[in-house]
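Asker: quick one: sequence and predicted model below, then my questions.
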Amino acid sequence: MIAYVFKRLTALILSLAVASLVIFLVVEVAPGDPASYMLGINAQPDTVAALRAELGLDVPKTQRYLNWVGGMLVGDFGTSYTYRSPVSEMVADRLWISLPLALMALALSTLIAIPAGVLAAARRGGVADAGVMSATQFGVAIPNFWFAMLLVALFAIKLRWFPSGGFPGWDDPAAALKSLTLPAIALALPQAAILTRVMRSSLIDILGEDFMRTARAKGLSRRQALWRHGLRNALIPVLTIIGLQFSFLLAGAIIIEQVFFLPGLGRLVFQSISQRDLIVVESVVMLLVFAVITVNFLVDLAYAIADPRLRRRA
Amino acid sequence: MNRNLIIGACLSSVVLIGALVSFMWTPFETDTVNIAARMRLPDGTNWLGTDHFGRDLLSMIMVGARTSLAVAVVAVGIGMGVGVPLGLAAAARQGSLLDEVISRLNDLIFAFPSLVIAILITAVFGAGAVNAIIAIGIFNIPVFARLSRGAALSLWQREFILAARTAGKTATRISVEHILPNIANLLIVQGTIQFSLGILAEAGLSYVGLGAQPPVPSWGRMLADAQTMVSLAPHVAIVPGMAIVLTVLGLNLLGDGLRDALDPKLRRRVA
Amino acid sequence: MTALLQVQDLSVSIQGKRVLDKVSLEIQSGEILALTGESGSGKSMTALAIMGLLPNAAHVEGEVHLHEQDLLAQTEQQMCAIRGAEIGMVFQEPMTALNPVQSIGQQVAETIRVHSDATRKQAWARAADVLTKVGLPQDRFPLGRFPHELSGGQRQRVVIAMAIALRPKLLIADEPTTALDVTTQAQILELLKDLCKSEGLALLMITHDLAVVSQMADRIAVMKSGQIVEQAVTQDLFAQMSHPYTRALFAASAHQADLADIDLGDPLLRVQNVSRDYLLPRPHPFAAHPRFPAVRDVSFDISAGERVGLVGESGCGKSTLTRAILGLDPVSAGDIRLDGAPVYSNGKPNRYIQRQIQVVFQDPFGSFNPRHKVERLITEPFHLLDHPPTGTARQNAIEEALEAVGLSAADAQKYPHAFSGGQRQRLAIARALIIRPKLIVFDEAVSALDVRVRAQILDLIAALSREYGLAYLFISHDLSVVRSITDRVMVMKSGEIVEHGETARVFDKPEHHYTQNLIAAAPRLPELGERHVS
């Protein structure tokens, strides 16, 4: 187990290192000098040079990379070119919207998908199965931002149950949750459709295993065998997909935030792109990659706990 | 004959034919603005209605289909063209340095949230259809590489491959002659899935303004334009949305249908 | 006395196809009834019908009585109360019959808790008792063990423990030892026999292996195409078999291929001091890879035209050695030469040598690319020739190879799925034969076949060897098969050849204690016609 954790941890650090390098290089080849961009075309060369020094742009590239990475390790994400404020503060504010949104969506999609998948698998070939499968066919085909628009049209504009956009802040938790509800649903439903299909097929595979027959021979009813022996085994592959979905949800949140005018990470990224505030883009992307890699690491650990066969494997 | 295959093939071919016809003919020009006829509901003249500039929605959808299909086709092509050879090579040399490097690279690309990187790429190199294609295509590579590696690995254990090896065939030749035909089904099915995901991704990027740029019509941007008018003229938002849903649905059904039709094991089970 | 289990005129159809046809049998308490027959004869279907575990589409007629209760009349809920409590069942594949994510204690205790209101503690205590009884004492096999930490034989013991935890009256064992090595098989059979005696358990034992049947059963029922064709007390059956099918089955099981005397030629294959190590995963991140020696210092020769056997249990290194001989893998040390030239050199197999060694594998379904026609499949080894025959010469070669293995030239245009298992093995032999090798390696080549087909294939192999002066290396875990088809045999254990000699000598007077154990453990058929006294 320790060897397993160690191995995964090494892989995690290595991935992060390569990821940071890739992101840095991509941003590095971007045309245009941020300092001249910020000061406009009429700026004096010496003012530009001074700003470059202030932004840390005058040192060699390797040094800049190391400074950037070193800074991130201690929580210093650099200074926004546009706002001249620390990126870490800007990100922290926005994270309080994007993260809860992704987590709500993840919880919602899991809560819908697992029962639906189990139902479909248990009644394989029946009406319930056909119903669930048709629903998932539509679910995976619907673009989440379009679904979001329809939700707004119906529940916000027509019925006025939820706000159509904006975020009141966490001072009023009820209002905050209310304004995140529609975005979370829009994000979750297409993901739930995918997860339902994975859950169903995983459980169907397990139901065909020899040990399910053993369970029935012990005197367990079909239902008991399914819950006691089928579900836990079937959840193992589902766990991987849940981990991957976290990454979709974080990324998906960026677009959904546009629909609902939520001041989350997504909006920050788009603002920064339009203002060529690349240090912000760079840092936010790195943060998202970090989140995804870490979540997948945790999924691997959860795997090892769920599956005793992995515990001893190096 | 299976139902999924028929419905899927019909939906997909309608979209494809619409896109092809649009090169020669559309009911109306898509670049003429006619404010007088704006936001018309569907009727005998404008079968799907008009948008806020009075443009015919059916014509827009037909031309937009070209963008969606083109982006998805090229992105799947990049994914298959690069991913499949990599996956086959990794499987042929299982456990070697090459295999290790390919697998690690796959993991790494998977670790990047694809949309975020698409955004990064378009942010740095500028928004546009070509950059969208590259961004979506890159993320198709590990999908196909993993799929073909996994499928090929289990085939390499099969006795007919061992027999081919005792017949002195090289790994490359075995991969092309024995492995590739046996994983073609899987690749076709995955291809239709990635194709539909590509259409969704392109729509998403265009919606936030990072995909195809005006004046090239695209479904995602039609939705972005329609957003402010959802309550005034819902059909302007519903039409492009349904175009996406039906196209993706058609492709997914086609994929499912093909899998059932191509997999002899499954066919026997159904019979 | 009425029988414990009475099956009368049991018929089962699945989607209109009759798979069981008026099957009738009885088992008394403490009795062992063996149900035997070839694959697809309906043995397992009978067991599943008794358990009420047939697929939903099955249509069942007839009567099954367990102690006066009509099992077919029970509701599903009532059957759940009977399964596991009154009837226990053991399956063929111990590797997959246990839930991988639950400990063995949990799984045995579950049987107890499903049927009684025993507390968790009581159930675990009982589970510990039962596991001890089946030979898994608590000090060495605590309840917290997981299935993947046990060997196949140990897992089968766990499955048996689950089946007998509640002292059922009837135990149904469906090919319980088929997946196990011969020494493990002997132990499991012994365990089942003891349990019948000590618990008064009736055992319905389903197996295709007639040697096992003859050793275990009080009575034997022989099945063919869904019907029981003959049923008798074991001794009587051996004394007199009334049905021709039964006679054919037993004759095929005891079949001895005709090995004409041969004059040994020069040494053809020379294996000298060959070792092959595998790297194991590191125990911790900074350790060196531990090495697992799969083959250790093996040396032997095979002369032209010679028929040599290699026996050993799973994991003994047979497969590794085979791959090395075929030139598929390099060796760690030593030298393998054919006609004086190495089979593997400069990091790749030697084409010239490869064309003289061909191979036939076990799995008649996995050994052909399903997408190619026979013609293309069996000519694949032509790839080894510098100038492969074309046109008529190629057609002639195909025809000749197919006819040599008892198929017809017309079969060249068919796809492999059109052939039965035995025919596919013939195709595999045709493929090996087509470039006229000097040596063929048969890797468990008849292990997946039913006895009658197996006997035919063995005859074919012997005939081809005679006709073409072909040498072969016959690798198998099945001692009786090796005995019937080889002149000389090697016994392999833990990567080493522990005994090597003339087949008759090794089997009659084994010298190494491992060989002695192996031969003692192998179930044996009694001489036909002789009265079997046990």
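Answerer: Yep, that arrived. Numbering: from 1, shown residues only, chains lettered A, B, ... in the order given.

Asker: is the residue of the stretch 151-300 of chain A found nearest chain C in a helix, a strand, or coil?
Answerer: As assessed by Cβ to the nearest Cβ, chain C sits closest to A:Gly219 within the stretch 151-300 of chain A, at 3.2 Å. Any C-beta I mention is one placed from the backbone N, CA and C, and that applies to glycine too. Secondary structure, DSSP: H, G, I helix; E, B strand; the rest coil: A:Gly219 is coil.

Asker: with adjacent residues omitted, what lies nearest to it?
Answerer: Nearest residue to A:Gly219, sequence neighbours excluded (Cβ to Cβ, 6 or more residues apart in numbering or on different chains): C:Gly84, at 3.2 Å.

Asker: what's the first helix or strand after whatever helix or strand C:Thr322 lives in?
Answerer: In this assignment (DSSP states H and E), C:Thr322 forms part of helix C:318-325. The element immediately downstream of helix C:318-325 (helix or strand, assigned by DSSP H and E) is strand C:333-338.

Asker: give me the contact list for the next helix-or-strand element following that following strand.
Answerer: As assigned by DSSP H and E, the chain's next helix or strand after strand C:333-338 is strand C:341-342. Residues from elsewhere that reach strand C:341-342, judged by Cβ atoms under 8 Å, 6 or more residues apart in numbering or on different chains: C:335-336, C:350, C:352-353.

Asker: and those residues, which two are furthest apart?
Answerer: C:Asp335 and C:Tyr352 (16.6 Å; Cβ to Cβ).

Asker: just to revisit the earlier point, need the pLDDT of the residue nearest to A:Gly219.
Answerer: If you check C:Gly84, the pLDDT there is 90.

Asker: how about C:Glu38, secondary structure?
Answerer: When classified by three-state DSSP, C:Glu38 comes out as coil.

Asker: how about it, what does it touch?
Answerer: C:208, C:224, C:249, C:450-452.

Asker: okay, and which of those map to strands?
Answerer: Where those overlap with strands, as defined by DSSP state E, the overlap consists of C:Lys224.

Asker: got the residues of chain B near chain C?
Answerer: Neighbours of chain C within chain B, by Cβ under 8 Å from any Cβ of the partner chain: B:158-160, B:162-169, B:178, B:181-182, B:264.

Asker: in space, what's closest to A:Ala148 - neighbours in sequence excluded?
Answerer: A:Ala186 is the one closest to A:Ala148 (Cβ to Cβ, 6+ apart), at 3.6 Å.

Asker: quick one: the one you found is in a strand?
Answerer: No: read with three-state DSSP, A:Ala186 is helix and lies in no strand.

Asker: what segments of the stretch 51-200 of chain C are strands?
Answerer: C:58-66, C:69-70, C:87-90, C:170-174 (DSSP state E, counting those that start in this stretch).

Asker: gap between B:Val236 and chain A?
Answerer: Distance, B:Val236 to chain A, using Cβ to the nearest Cβ, to the nearest Å: 11 Å.

Asker: the domain parsing of chain C - what is it?
Answerer: As assigned by automatic domain parsing, chain C contains the domains C:29-59+C:74-86+C:169-253, C:95-167, C:268-280+C:297-371+C:436-513.
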